[in-house]
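[1] I need the structure of the sequence given here:
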Amino acid sequence: MSVTLPERDAPSDPDDMMRPSRAVSPLLLRILAVNVMALAILVGGILYLGNYQERIIATELDAMLSQARIVASAVAENAVVIDNNDQSILSPLLARMMVRRLAETTGSRMRLFSASETLLADSRYLLAGRGGKIEVEDLPTSGDEPVSWGARAIAAVFDVIDIIHEHRAYPPYGEQVLQRASHYNVTTRALHGEKSTQVWSLPHGGLILAVAEPVAHGRRVLGAVMMSRTDASVDKAIYAVRINILQIFFITLGITILLSLYLARAIARPIRQLAQAAEVLRRGQTSQTGISGIANLLHEDAIPDMTARRDEIGDLSGALRDLTAALARRVGDIENFAADVAHEIKNPLTSLRSAVETVERVQEPAAQKKLMLIIRDDVDRMTRLITDISSASRLDAELGRAEWEPIDIGVKLARLEDYYRSNSALEGQPPRVVLAHPVVRGLRVRGVKGRLVQVFQNLLDNALSFSPPDEPVRLSIARVGARIQITVEDSGPGIPENKREAIFDRFYSERPKSEKFGTHSGLGLSISKQIIEAHRGRIWAENRKDAAGNVIGAKFVVQLPMMGEN
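    Below you'll find the predicted structure:
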């Protein structure tokens, strides 16, 4: 008998439609977004460089103060003369010469103011004939220097995001035609004997860094040296750092994208393959083999084998393959079970139909009574079959829903012995079930108490039906390694060697000749095996033999894992 799944021309339910494949993996987009966003935030914070710029400016001002102190000391030693009133004053001529020469070594603009706030010297001007002066300006650098495309691109980025120049907090720089010390805060403070610093912003961007140092002769302040320069070095340093950061960013971004693509491919692609394989199984059809339903489930390549990856996706693949194999076995068992049920029910139905057809033609009361007994026996047999079949079909679902609990097997077997001893006492017979003593207690398993008791009752009833009335059934329990072993021994005719496995098949019945036919459905041992295997245990049958090798009975052995053991 076989089960054929009906074919469907076209699915009407949207859930039956094959899920559309995506051109771009959403998982890839999420991986890219997380990786790139984290990198962008990090680089954006580094590019701000506000503290770095302040540290560079402070360093520059400290260096300029040291230079200004040296210049002020040199001027105090070499440009001071005595006037007609025996007072020390700064010589404008000597001061201009010294300022110009010292300015060449520092690369900064240097100005010298007298104590009366008059500008005595400015390194921007050279002396000319007859008191004239020439203004000197540094020539701009040539624009013909080669600039790489990467530097131009980065400069464009800087211009767009406007993060290079952030000097609006500094006061604007202004210069009078006739300069006096009072025009600048730094020189005013220097004339009061304090060294000072100042940063100004230029109208078209950039900064001017300035320091002032008092020129003192003895303890008297004769003037102030003011040294200033643009922030070209600061901008250049920050610009160079930012260029390096952005170059590293683009390189890292490329590597991040490649790694994200690889990661998405390593994760999203196999997951998509597993999802598609599961979808094919759900629909019950495959384009590779052209088969459907149960045959597709039994196909070994229905789920891709990715267990060689040795990661979570490999574990998922293995779990899906195991699930598919278990589902395939279950479908096969259902198919075989349906065939066995149909076969077993067909026999009493055939007998019942024959008896009903015969009873209509028979007129003798004795023959009719005999046929009615046959009809009743067939009805009872069908009732037992249907009851046992119903119990067997619900067994897996009940084991899955039932609450598993710790069970002391020794205690349960002792109670079973008391139950059978009480029944024997009521019938006036000696005990039919004997439990080996002393009972080993504390051997616990985790399981469904009612179902395990059902197994032991089934084995004991089966052993009692084969044992002579004067021979008891022996029940024992022991620990074997990490397992608990329960043994049921009878003194019956034993089991045919070629039937030791078959007795656990559904509907197999090997009953004593004295027993009425149809009393048992043949599902008892099959159900027992199903329950024990659900508890991760084993059950098998052996023959008991004497010293001469003669069979003296049968022995059923059950092994269950101890609680806490695998």
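
[2] could you list the low-confidence segments of the stretch 351-500 of the chain?
    Scanning the stretch 351-500 of the chain for pLDDT under 70 picks out 384-385, 388-389, 391-398, 400, 438-439.

[3] those strands in it, which residues are they?
    Secondary structure of the stretch 351-500 of the chain, counting by DSSP state E, counting those that start in this stretch: strands at 405-408, 433-435, 444-447, 473-480, 483-489.

[4] tell me which strands and helices the shortest one is in contact with?
    Of the remaining helices and strands, those touching strand 433-435 by 3 or more CB pairs under 8 Å, 6 or more residues apart in numbering; DSSP states H and E are helix 409-426, strand 473-480. (Each C-beta comes from the backbone N, C-alpha and C, glycine too.)

[5] in the shortest one, which residues are buried?
    Of the residues in strand 473-480, those scored as buried under the neighbour-count criterion (16 or more other CB atoms under 10 Å) are 473-477.

[6] so what does that strand touch, helix or strand wise?
    Against strand 473-480 (3+ CB pairs under 8 Å, 6+ apart) you get helix 409-426, strand 433-435, helix 449-466, strand 483-489.

[7] remind me which helix or strand the closest residue to I532 other than its chain neighbours belongs to.
    Distances taken as CB to CB, 6 or more residues apart in numbering place I539 nearest to I532, at 4.6 Å, with adjacent residues excluded. Assessed by DSSP states H and E, I539 sits inside strand 538-545.

[8] picking up where we left off before, save the strands of the stretch 351-500 of the chain as a markdown table, and put in distance to I89 too.
    Below are the strands of the stretch 351-500 of the chain laid out as a markdown table (distance: least, CB to CB, whole Å):
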| stretch | distance to I89 |
| --- | --- |
| strand 405-408 | 108 |
| strand 433-435 | 127 |
| strand 444-447 | 107 |
| strand 473-480 | 114 |
| strand 483-489 | 112 |
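
[9] closest to I374 out of the ones you listed?
    Of all the strands of the stretch 351-500 of the chain, strand 473-480 sits nearest to I374, with 33.3 Å by CB to CB.

[10] restrict the closest one to CA atoms and write it as CSV.
    Taking Å, rounded to 0.1, in the frame of the first residue of the first chain, the C-alpha atoms of strand 473-480 are listed here in CSV:
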residue,chain,number,x,y,z
VAL,A,473,8.7,-14.1,36.9
ARG,A,474,12.0,-12.7,38.2
LEU,A,475,12.4,-8.9,38.1
SER,A,476,15.8,-7.3,38.8
ILE,A,477,17.5,-3.9,38.6
ALA,A,478,21.2,-2.9,38.5
ARG,A,479,23.5,-0.2,37.5
VAL,A,480,25.6,-0.8,34.4
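
[11] wait, V280 sits on A302?
    Yes. Counting by CB atoms under 8 Å, V280 does reach A302; the two are 7.4 Å apart.

[12] quick check: closest non-adjacent residue to G494.
    Of all residues beyond its chain neighbours, the one nearest G494 is V551 (3.8 Å), with distances taken as CB to CB, 6+ apart.

[13] how close does that neighbour sit to Y262?
    Separation of V551 from Y262 (CB to CB, to the nearest Å) stands at 67 Å.

[14] neighbour count: those two, which is higher?
    Under the criterion of other CB atoms under 10 Å, the comparison of V551 against Y262 puts V551 first, with 15 against 11.

[15] what's near enough to touch that one?
    By CB atoms under 8 Å, 6 or more residues apart in numbering, the residues touching V551 are 493-494, 543-545.

[16] the same query, at a cut-off of 10 Å, please.
    492-497, 543-545 (CB atoms under 10 Å, 6 or more residues apart in numbering).

[17] could you do A541 as well?
    459, 488, 494-495, 499-501, 503-504, 525, 554-557.

[18] make JSON lines from those and add neighbour count to it.
    Listed next are the contacts of A541 as JSON lines, based on neighbours: other CB atoms under 10 Å:
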{"residue": "L459", "neighbour count": "24"}
{"residue": "V488", "neighbour count": "24"}
{"residue": "G494", "neighbour count": "20"}
{"residue": "I495", "neighbour count": "21"}
{"residue": "K499", "neighbour count": "13"}
{"residue": "R500", "neighbour count": "15"}
{"residue": "E501", "neighbour count": "11"}
{"residue": "I503", "neighbour count": "20"}
{"residue": "F504", "neighbour count": "18"}
{"residue": "L525", "neighbour count": "24"}
{"residue": "A554", "neighbour count": "23"}
{"residue": "K555", "neighbour count": "18"}
{"residue": "F556", "neighbour count": "24"}
{"residue": "V557", "neighbour count": "16"}
